[in-house]
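Engineer: Sequence and predicted structure below; questions after.
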Amino acid sequence: MSNHLQPHIRCSEEDMANYAILPGDPQRVERIKEFLTDAREIAFNREHKSVVGYYKGVRIMAVSTGMGGASTGIAVEELHNIGVKAMIRIGSCGALQTGIRLGDLIIVNGAVRDEGASKAYIDDIYPAVPNTDLLNKVIDAAKEQKFPYHVGIGRSHDSFYTDREDDIDAYWAKRGVLGADMETAALFVIGGLRGVKTASILNTVVEYEGNLEDEINQYVDGENAVSDGEKKEILTALEAFVAMEHSSENGGDKS
Ligand SMILES: O=P(O)(O)O[C@H]1O[C@H](CO)[C@@H](O)[C@H]1O
Ligand SMILES: O=c1cc[nH]c(=O)[nH]1
């Protein structure tokens, strides 16, 4: 653990909480802040905006990762350096299966490592998986709040606008992958290697074979189902952390 101000996220041990919610978008940090009490902004440097506050008495940080595995890896490492023990990504994704609707949550139980950051750490036979205990608490939280959710594999990628993206999506869709994002695999692998508990909840902002740019623009404009999906993923992550705090007080899973 380090008392030093971390060079990118600009947080130190005194800002630390055991739990951190990691959106990609810095603007989402502001919206998470609305769910917290006694919340204060810690820093906003590059793509990393951070706040700390309380939810049902549990101290929780929210720190944006920016887009992609490279900046996510930096955030995970620096949060680990100041002592954060568990991290839940709340992201947006494009669905890869019909039947997954805008605003539905995808809870990722394993990620295809189609990105470079995790491979810089370890060979790609190493699995990108969440912590089982935290995954179960996320699923329970979504179920208890009656949010629409799907549990399955995600594909994390580095490049959004390649000429082959439709074919690549079709390839992974046929193999049962539920959705695509850019950060989950790096979070799972780097967090796993560092002994950090991780999970990832993705809000569906593009339906399968929907219009990628139009639907993401709607999301940025804060419209309807996808904005509700964001609130649902925030509440799911917060409740999972509350459950984790209470189970550790009661001698729960120490893995
Ligand atoms: O909304 P966030 O969390 O940034 O997640 C998704 O959105 C970005 C692309 O639009 C990528 O970062 C992707 O993973
Ligand atoms: O299709 C999508 C939508 C959001 N984010 C992605 O990575 N892919």
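Structural biologist: Great, that's in hand. Ligands and ions are numbered 1, 2, ... in the order given.

Engineer: Please identify the helix or strand for His150.
Structural biologist: strand 149-157 (DSSP states H and E).

Engineer: Is there contact, residue-wise, from that strand to ligand 1?
Structural biologist: No. On the criterion CB under 6 Å from any ligand atom, strand 149-157 is out of touch with ligand 1, staying 7.5 Å away. Every residue, glycine included, has its C-beta placed from N, CA and C.

Engineer: Write down the beta-bridge partners of whichever residue of the chain sits closest to ligand 2, one by one.
Structural biologist: Closest residue of the chain to ligand 2, CB to the nearest ligand atom: Gly94 (2.1 Å). When bridges are called by DSSP bridges, Gly94 pairs up with Ala180, Val206.

Engineer: Pull the number of nearby residues for it.
Structural biologist: As a burial measure, Gly94 scores 24 neighbours (other CB atoms under 10 Å).

Engineer: That one against Leu202, yeah?
Structural biologist: No. At 9.2 Å, Gly94 does not count as touching Leu202 under the criterion of CB atoms under 8 Å.

Engineer: any common contacting residues for the two?
Structural biologist: Residues within reach of Gly94 and of Leu202 at once, by CB atoms under 8 Å, 6 or more residues apart in numbering, are Gly179, Asp181.

Engineer: give the contact list for Leu187.
Structural biologist: Each residue near Leu187 by CB under 8 Å, 6+ apart is listed here: Leu22, Thr65, Thr72, Val76, Met87, Arg89, Thr198, Ser200.

Engineer: same thing but at 10 Å, please
Structural biologist: Taking CB atoms under 10 Å, 6 or more residues apart in numbering as the criterion, Leu187 is in contact with 22, 65, 69, 72-73, 75-76, 87-89, 91, 108, 111, 117-118, 128, 130, 156, 181, 196, 198-200.

Engineer: In strands, which of these appear?
Structural biologist: Among the contacts of Leu187, the members falling in strands (DSSP state E) are Leu22, Met87, Ile88, Arg89, Gly91, Val108, Ala111, Ser156, Asp181, Thr198, Ala199, Ser200.

Engineer: Look up how far Gly69 lies from the third one.
Structural biologist: Using CB to CB, to the nearest Å, Ile88 is found at 17 Å from Gly69.

Engineer: Now do the same contact list for Val52.
Structural biologist: 11, 14-17, 20, 33, 36, 38-42, 59-63.

Engineer: Show me which residues of this protein are close to ligand 2?
Structural biologist: Counting by CB under 6 Å from any ligand atom, the residues of the chain near ligand 2 are Ser92, Cys93, Gly94, Ala180, Asp181, Met182, Val205, Val206, Leu212.
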